[in-house]
Each structure stands twice: as structure tokens, then as C-alpha cells.
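Trainee: Fold the following for me, if possible:
(2 chains, ligands or ions: 2)
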Amino acid sequence: MWFFRFFKASILTMLRGGKWYYLWLAFLLGLLGVGCLAYWHQFTQGLIVTGMRDPLSWAFYIGNFTFMDGLAVTTVLLVVPAYFYDWRSLHTPVVLGQLLAVCCVVMAMLFVTVDIGRPDRSWHLIPWLGVLNFPRSILAWDISVLVSFMALNVLLAFYALYRAFLGKEYNRKILFFLIALYVPLALGVQTIAAFLYVGLPGRPYWNAAILVPKFIASALCAGPALLLLILQVLQKTHALKLEQRVFEKIAEWMTYAMAATLLLFGAEVFKEMYSDTKHAIHMKYLFFGLHGKTALVKFAWGSLLMQVIAFALYLSPKLRKKTWAMNLGALLIYFGVYLEKGIILVVPAYTPSALGIIYEYQPSWVEWSVSAGVFALGFLLFTLMVKVAIPVMQGELQLKHCLKVTELPMQDPELQQALGGQKSAAGQDDA
Amino acid sequence: MSGLSKQTQSVMTPAAKAQQARAAEGSETKSRSPSFSSARVSLGTFKATPSQGSSGGCGGCQPSSCGGCGGGSNVSFDPRLPKSNVDPRAPLPTAAFGGSTLDLAPAPSVAAVAALSHTALEKALGPMPSEAQVAQMAPWAEQGKPQGGGCGSGSCGCGGGEAKEPASVNEALESYVTDDTYLGDLTQWIAPPPHAPAASLQKLARREFLRQLLIGGIAGIGLAQNIACKPDQRAEMVQQHYYRLSPKDRKEVIARLEREYWSKYRKNAKISMKPAKKGVLFGYALDLSLCIGCRKCVYACAEENNLSRDPQIHWIKVLQMDAGHGLDLHHGTPFYNPEKVPEAGKTYVPVACQQCADPPCTKICPVGATWREPDGITVIDYNWCIGCRYCMAACPYDARAFNWAEPSIPANQLNTDMHYLGNRPRMKGVVDKCTFCIQRVRENRLPACVESCPVGARKFGDLNDPNGELQYILKKKKVLVLKEELNTKPQFFYYY
Ligand code: SF4
Ligand code: SF4
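Mentor: Residues are numbered from 1 along each chain as shown, chains lettered A, B, ... in the order given. Ligands and ions are numbered 1, 2, ... in the order given. Coordinates of the predicted model:
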């Protein structure tokens, strides 16, 4: 087997790069350092250094966690056409999307870890060693699906990359089986992330079934938006080759998701505001403020405005084919959904609190720094993995490039065929 | 109501005892921190009231009518106000408010953020305890008996379940699980199977060893760096869930905690793990027409339950409501600060954990760190909670509090009568909440808030006792529960 070669070649590729590559890594590492320092402060002092208090006991961290949950399922839009309909030019974006998903799940888990009061007791969650309160606790479900989803992503991405590294075709049967698992699991991740909130009768702002489709729809807006942007950046930096049609297709799918998001949002607003029960107080606080407390109003309208403009830009097929419109729309929808998940989903549910206390929340500098650190770690992981994935997927980094002539495999005819005619290139060894 | 108070007066005369207690505590009152002093004047007044507990009785249970000792339901409280608490210059009392006005205890601060200073605490601490002192520190563990004497007589049955140590994990569990419906699925996920034969118990022990080993490894990797791993700290890191502790483990845990509290507060704590008594279901009733919003209960609770003083935590929140808005919580606020209460045009609704019969907070806990005991009290294993605060999101009554920073309790104010699931000092990063004073009520004493209420608005007892006060109230009074539509089925009733 050539695993070892693969890892060696990967590590070496990760370590090599131009000036900008190193600068980018240094920037991320610096940010990570800041995050670590801030987290150390929080770890030793307790969560008192955050802006959260008893009336509002979940906030920015958990919002970020939910957002990351959503980003992770991005690729679900792409896998089916890529593999079932064998659309070749989607293969690279799919692998990149899966790597992105891995990073997002890592970030999601880190956001939960930094949010809990006793991270040293995380082992209590491991079944048998500790107690995973499964199936009663939705959080236990969430952890289970996230872990399996991440495992599946790692498996799929690694399989695709490894086959490409060997220069072999992937085994369609294995892949089909994994994809058949992938789609329901991805939807499950979003559904259960929504159930985390929906299952709480004491918080009427969350206790609404519409949250589930809303989660799925908005995830399918923000995730592909990020992927669009990242793919374009990679085109510039990593010489990623992609057809324009890939972008157009992704933008088209996003348009449907945006329409669904806005429709569901409208339905929710109508239900709350028209029936105008006591429960509408949370939405009123969100959009208009309560008793002069208006911290969220700007976020609420800002997010809504961004989503509407993005939708308007994408609505016309001609317009969304223009690069500027596509990118502007992607940026707007990404940040619109980020605000929606990061702040608007969590904070109003606690304001006013269950006993009617209005506590205005502001993330503290510790929360900002720790979150930045988590983001930095995610991007760092992604940068390193992409550095390997793109050349491998484009056939620029393969086993044959890493072997000495004497090492050429004589027993594996398939591999020999893959290597055929290129023996001259095989003399070079990365070591 | 009048019939009721006649009955209660015959049982106790707390006013007299209160005066004694005040005399005894006078010096301590002066030394307390200024921020609490205004509450202190009457706080602790009734603290020493059920002194029978220590003199071998069973907390006010009458030998002739012992059925009531489970919840002390025959034991009630004279609603008359101790004279010294009434301000003579106060305006004429209004009947609707229970006929008195009072000085107000300070409002809780919403965000007590001040950095913690332990210097005073450190100064007060002497040298480390000697070996002999350490050995003395776990009287309960040594003797295998509960503190407070217990009833002992056997005829009464109070505390009888605890007099002998359970011989095995299974027996221990059986004595705990009196009614499966209360624990829900928890036992299924946490406890070993209830009737495991001896051989499988051995296997269990081996598995347990393996488990400890693994846990030790995991915990060690992360933390060995910053903790100078003393044996006690290591033991704390790998401690198992409450329901997984064998009787031997329990002794060790108690001894360890008592050592810990000694080194922190220089006080001999007595930590009980007394289980629920079979057939008892605790309930609470609060007379809304009597409550005057004085917050005496809030501070009595803080003192009894070792709540963090800085940052300030309160398990009871007294909401001041605009008259005419009934129980509409959006018209209430816990942050009111008039000179005297009650104020005209205001009513008061104290809220603490409602001890729901169907608690939304327990089923969502990812690690099963919080559950409902057979006697109806929802508890938390503070050593098992990971601090995710999902339960706080789930509780419809904001009953749970989080220890955002290391809790601080002045050493001289530590209440040393502790229950493992109740008022033992918490650590930072875990959730706590009202437990109906589990350390008291399982010893047949009344909760501190009941004893401290100057107008007798609070009633506590055994819901299963057909002749108890709670049943009387449920039958005779107009009773309601908060947020009934959520179907949490509170065991905390409001009436008027
Ligand atoms: S009041 Fe809240 S904390 Fe208490 S049992 Fe009910 S849900 Fe749980
Ligand atoms: S904070 Fe503690 S008790 Fe509450 S749900 Fe999380 S682990 Fe369970």
C-alpha cells in the first residue's frame, strides 16, 4: 500500500509554498494564538469573562456552532449530480466541499467546547466511559450525527483523494453506497441542529416546527455561497481549473434555497405578528426593541436586507452570471445568514427571559477573540488540506511523481498502466 | 386558613425560639459583610429553630403521628411576624398583603461581574490539616451512619433506610429507586442492570477498573500540565456519575469533599448522601395574597444553600408585578428597591425551581447529570455536570443558575450541614438550582425559605400525605401553577 507515500507527499506539499502562502499561514497562526490566549483567560476565570449571564445563558458561541453546523452540509447539493450523474467537473468542488465540511464540523465542535463550563469533563460524553444520554437528549443526538457525518466526510474525501493520488478510477459501488448514506445524514445534521432548539417548550421563539425547514434552506444558501467564493479564490491562488458552468449551476441552486428561506421567514413573521400573542414579544424585541432596548434591531434589519438584496441579484439568470453580481450576492447571503444564525437565532429567545427579564447582550472581547481563534483554526486546516487536494485532484501530484525508478510497482498491472508512458517523470522523489 | 394556623401553632412556637437564636447569633451578625447586612438582621433568625435535629429527634416529627415526618407536613410555621422585624413607623398594613410591611433585602444584581478576591479568605485560613484532623473529618464515612442522629427508634421509620450501609451496588440502587417513573430512563442508561448476579458484578468491577484507567489517561493528557496532580484532584477528575458510585466510592467521595472543604474553609462539613424515603413526594405551596416581597427567603436560601455571594447567585427570584396583571411574567421584575415593602399597586410572585413532575430540564441533559429523585426533587450531580447550560435553555422558569466564576462564600458563613446533591459548595462552570433544601427535608426539617418567611406565605410538605397541609391546601384553596400550558406539572403550587 502507498498510504505512507501519500502522507509524506501531503506533508511536504503543505510545507512548500510562496511568500503569500506563508504570510497567510502566519496570519492564521497569529489569530489562533490570540484565540488561545483569550481562551486561557476564559478557562481560568470562568465564563464570567463572556457577555453571557443567567437570563441569557447561550449566545454567540452557540450561534456560531449552529452556523457551522449549517455550512457543513453544503456539499449535499453537489454530491448527487457529481457522482450519480457523473458530472466530472464537479468532482473537485465536491472534494473541496467535503474538506470544508470537515473543517466546519471541527469548528462546530470547538464552538461547543469553548462554550461549556467544564471542558475538562468532556469525557463524560463518551458512552460507557461516561454517560451519553442517548436517545433522550437531543444534544446527544447532535453529537452522534456530527461525529458520524464528519467521519463520512473524511472517508469520502480521503477515498477520492487517495484514488486520484494513485491515478486510479474510484470504485463506483463503494462511492454510491457512501453517497446514499451521505445525503440523509447531511439533512439529519441540519434537522437535529434545529431540533436542539425546537424541542424546548419553555422558549416559544424556538418552539416552532418551521425552524427545521428554515435551517435546511438557509444552510443551503450560506454554504454554497462560501464555496463559490472559496472556489474563485482558489482559482487565483492554486491554479484551480473549473468550468464557468459549475459556478452558474451552484448559483442557480442557491437561488431556490434563498427563495425558500425568505418564504419560510415570511411565514414565521406572519404567524407571530398577525396572531400577536404573548409569544410575539421576542420577535418584537428583535425588530423593534423593547422598552428602549434595541441592541438587536440593526442586526435584524441588516440581515433581512442582505438576504433580500442577494435574492434580488440572483433572481435574474442573466445578472447572476455576471461575476460581480454573483460575488456580491454570495457575500451578502453569507453574512446575512451568519448574522441570522450567530445572533438572531439565539439571543432573542432569551430576551425577555423566561421570567421576563430583559438582559441586553453584547459579546465580550474574549468571545470575539476566541471565536476568531476557532475560525482561524478551521481556515488553517482547510488551507493545508486544500494545498494537497487541488494538485492531487488535477493529477499534478500523484504517486508516479514521488517514486524512484527502482520502486516502480511491478506486481500491480492497473497501477503500471496508470503510470505508463510517464516513467521519465518518475525519477524525481520529493524526499 | 384559621383552622390551619391553629393546628400549626400547637406544633411550634418559633417566635420564642427565634429570639433565642438571635441572641446566640448576635455577634456573628455584626461581623458579616456590609452588602448583606441589611438582610442579615432577620436572616438566620430561624436558622437554629429545628434544633431537635441535632438532639436526636427527627426534626419535629411527633412520635404519635410519625407519618408526617417525611415531609414535616405536620410541622408548619407560625405566620405571625417576629416583632423586631416590623418597622413601627410603617404605614398601616393592608390586609391584602398579610398585614405588615418590612425592610427590603437588596435586589440581586443581574451581572455581578466583580473580579473575585480570595485574599480575605486566604488570610482566614490556617495551616494545612494534619493527618489526624483529616481522619476526623469524615465522621459519616467512618461510622457509616448519617449525621444528625436520625430517629433510630425504628418505629418511626425516619432515616431508617440509611441506618445500614447498602451492601452492594444493586442494593444501593434499589434503596434509591422507589418508583421507576420518576427516574425515567436515567437508570437504564447510567446504572448497571438492577439484578446482576455476583459474577457479573465482578466483571463490572473489572470493567470499572478499565474505565478508570481510560478516563485517567484522557484526563491526564489535558490537565497534568497545569494541575500538580494531587491524589484528590486526580480522584475528582475521574469520579464517576452519582449512580455509578459503589458504597465504597461514596465513602471516598465524601471523605475527599470534606477534606477539600476543610482546606478551603477550615470547617468540618458533614456531607450526606441520604436517599429519598419511599412513598414521600415533596410539594410546596405559596400563598400569593400573603407574600409582601421582602426577600427574606431569597437571602435565607443563599445562606442555607451556600450560594455564591460574589458573583451573586440566587435560587429564588421574587418578581414584583404590576397590580392588575396577575401572573403575566412580562410585567414582573426582580429588580425593585423601595425603602419599604409592600408597595401600593404591586404584588409579588416568588419563583424558584418548580420541581416539575415532568421536567424539561432533565431529559435534555446530554450526560444525565440532572434527574428527578423518587421524592420529586430534581437534583444535579455537580461533579458530573459539564456546564453546557442546555438545561437552562430548557427550564421555562429560569430556575437554574450557572456558576460563571469560581463561587465565593465567606468561610464563616459556610453551612456545614450538606447534602451531596444539594447545598455543598459548587465549583465554577456548573449549574445549580433549588433542591427544596434536600439536606433539610430528607432529615425531616423544613426548607430554609419556609422558616424564614415572616408572613407564613410558604408551606411545605408531603403531597402523598392525605392529612398533610399540602393536601389541605390543594383541596380547599384556589390553586394554580405557573405556565400550566407547558405541561411540566410543577409540584410548586401558588394559591390565594
Ligand atoms: S422548574 Fe426548571 S429546573 Fe426546576 S424542575 Fe422544572 S424545568 Fe427543571
Ligand atoms: S449544564 Fe450540566 S446539568 Fe445542565 S444540561 Fe448541561 S451537563 Fe446537564
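
Trainee: Check the secondary structure at the closest residue to chain B within the stretch 1-150 of chain A for me.
Mentor: Relative to chain B, the nearest point of the stretch 1-150 of chain A is residue A:117 (2.2 Å; C-beta to the nearest C-beta). The way it works is simple: take the backbone N, C-alpha and C, and place the C-beta from them, glycine included. The three-state label given to residue A:117 by DSSP: H, G, I helix; E, B strand; the rest coil is coil.

Trainee: Now it. Nearest residue, chain neighbours left out?
Mentor: Nearest residue to residue A:117, sequence neighbours excluded (C-beta to C-beta, 6 or more residues apart in numbering or on different chains): residue B:387, at 2.2 Å.

Trainee: Count the neighbours of the one you found for me.
Mentor: 24 (other C-beta atoms under 10 Å in any protein chain shown).

Trainee: Stretch B:306-322: which residues count as buried?
Mentor: For stretch B:306-322, the buried set under the neighbour-count rule, 16 or more other C-beta atoms under 10 Å in any protein chain shown, comprises B:306-321.

Trainee: do the same with stretch A:87-102
Mentor: Here stretch A:87-102 shows A:87, A:90-102 as buried, counting by 16+ other C-beta under 10 Å.

Trainee: Residue of the stretch 101-250 of chain A closest to ligand 1, please.
Mentor: As assessed by C-beta to the nearest ligand atom, ligand 1 sits closest to residue A:202 within the stretch 101-250 of chain A, at 7.2 Å.

Trainee: Show me the strands in the stretch 201-350 of chain B, by range?
Mentor: B:270-272, B:282-287, B:317-322, B:332-333, B:340-341, B:346-351 (DSSP state E, counting those that start in this stretch).

Trainee: Just say which of those is most tucked in.
Mentor: Most buried of the strands of the stretch 201-350 of chain B, by mean neighbour count (mean count of other C-beta atoms under 10 Å in any protein chain shown): strand B:282-287, with a mean of 25.

Trainee: Packing partners of that one?
Mentor: strand B:458-462, helix B:469-476, strand B:492-495 (3 or more C-beta pairs under 8 Å, 6 or more residues apart in numbering or on different chains; DSSP states H and E).

Trainee: and of the ones you listed, who's closest to residue B:257?
Mentor: Closest approach to residue B:257 among these is made by strand B:458-462 (27.1 Å; C-beta to C-beta).

Trainee: Strand partners (parallel or antiparallel) of that closest one?
Mentor: Applying DSSP bridges, strand B:458-462 is found paired with strand B:282-287 (antiparallel).

Trainee: Contacts made by the partner strand with the rest, please.
Mentor: The contact list for strand B:282-287 (C-beta atoms under 8 Å, 6 or more residues apart in numbering or on different chains) reads B:71, B:350, B:355, B:375-377, B:436, B:441, B:447, B:456-463, B:469-470, B:473-474, B:477, B:479, B:491-496.

Trainee: got a list of what residue A:282 touches?
Mentor: Here residue A:282 is in contact with A:204-205, A:348-349, A:351-352 (C-beta under 8 Å, 6+ apart).

Trainee: so where does it fall, helix or strand?
Mentor: Using DSSP states H and E, residue A:282 sits in helix A:281-288.

Trainee: buried stuff in the very next helix or strand once past that helix?
Mentor: Counting by DSSP H and E, the next helix or strand C-terminal to helix A:281-288 is helix A:297-315. Residues of helix A:297-315 classed as buried by neighbour count (16+ other C-beta under 10 Å): A:299-300, A:303-304, A:306-308, A:310-311, A:313-314.

Trainee: Name the nearest of those residues relative to residue A:284.
Mentor: residue A:300 (10.6 Å).

Trainee: measure the closest one to ligand 2 for me?
Mentor: Taking C-beta to the nearest ligand atom, to the nearest Å as the measure, residue A:300 falls 29 Å from ligand 2.

Trainee: shouldn't that residue be in contact with residue A:286?
Mentor: Yes: Residue A:300 is in contact with residue A:286 according to C-beta atoms under 8 Å; the separation is 4.8 Å.

Trainee: doesn't residue B:250 make contact with residue B:273?
Mentor: Yes: using C-beta under 8 Å, residue B:273 is in contact with residue B:250, at 5.7 Å.

Trainee: So which of the helices and strands packed on strand B:282-287 is the most surrounded?
Mentor: Neighbour counts (mean count of other C-beta under 10 Å) averaged over each of the helices and strands packed on strand B:282-287 peak at strand B:458-462, with a mean of 27.

Trainee: okay, the angle between that strand and helix B:469-476?
Mentor: With axes from the mean of the first three to the mean of the last three C-alpha atoms, to 10 degrees defining the directions, strand B:458-462 sits at 110 degrees from helix B:469-476.

Trainee: okay, the angle between strand B:458-462 and strand B:346-351?
Mentor: 30 degrees.

Trainee: Report the mean confidence score over strand B:458-462.
Mentor: Averaging pLDDT along strand B:458-462 gives 95.

Trainee: again, but for stretch A:330-343
Mentor: 95.

Trainee: got it, and stretch A:6-26?
Mentor: Mean predicted confidence for stretch A:6-26 is 90.

Trainee: okay, how far is it across it, tip to tip?
Mentor: Stretch A:6-26 has its terminal residues 25 Å apart, counting by C-alpha to C-alpha, to the nearest Å.

Trainee: Kindly report the same for stretch B:329-342.
Mentor: Start-to-end, stretch B:329-342 (C-alpha to C-alpha) is 18 Å.

Trainee: near chain A at all, it?
Mentor: Yes: against chain A, stretch B:329-342 shows contacts by C-beta under 8 Å from any C-beta of the partner chain at B:329-334.

Trainee: which of the residues in that stretch are buried?
Mentor: Within stretch B:329-342, the residues that count as buried by 16+ other C-beta under 10 Å are B:329, B:331-334, B:336, B:341-342.

Trainee: Between those, which sits nearest chain A?
Mentor: Comparing the buried residues of stretch B:329-342 against chain A with C-beta to the nearest C-beta picks out residue B:329 as the nearest, at 4.3 Å.

Trainee: Quick check, that closest one in contact with residue A:356.
Mentor: Yes: applying C-beta under 8 Å as the test, residue B:329 and residue A:356 come out as touching, 4.3 Å apart.

Trainee: circling back: give me the subset of the contacts of strand B:282-287 touching ligand 1.
Mentor: Here is what survives when the contacts of strand B:282-287 are matched to ligand 1 using C-beta under 6 Å from any ligand atom: residue B:355.

Trainee: Need the residues of stretch B:329-342 next to chain A in JSON lines (columns: distance to ligand 2 and pLDDT).
Mentor: JSON lines is the format used below for the residues of stretch B:329-342 next to chain A (distance: C-beta to the nearest ligand atom, whole Å; pLDDT from 0 to 100):
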{"residue": "B:329", "distance to ligand 2": "22", "pLDDT": "88"}
{"residue": "B:330", "distance to ligand 2": "25", "pLDDT": "86"}
{"residue": "B:331", "distance to ligand 2": "29", "pLDDT": "88"}
{"residue": "B:332", "distance to ligand 2": "25", "pLDDT": "89"}
{"residue": "B:333", "distance to ligand 2": "26", "pLDDT": "92"}
{"residue": "B:334", "distance to ligand 2": "22", "pLDDT": "93"}
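
Trainee: Take the residues you listed and write them to CSV, including distance to residue A:321.
Mentor: Shown next, in CSV, are the residues of stretch B:329-342 next to chain A (distance: C-beta to C-beta, whole Å):
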residue, distance to residue A:321
B:329, 53
B:330, 50
B:331, 55
B:332, 56
B:333, 56
B:334, 57
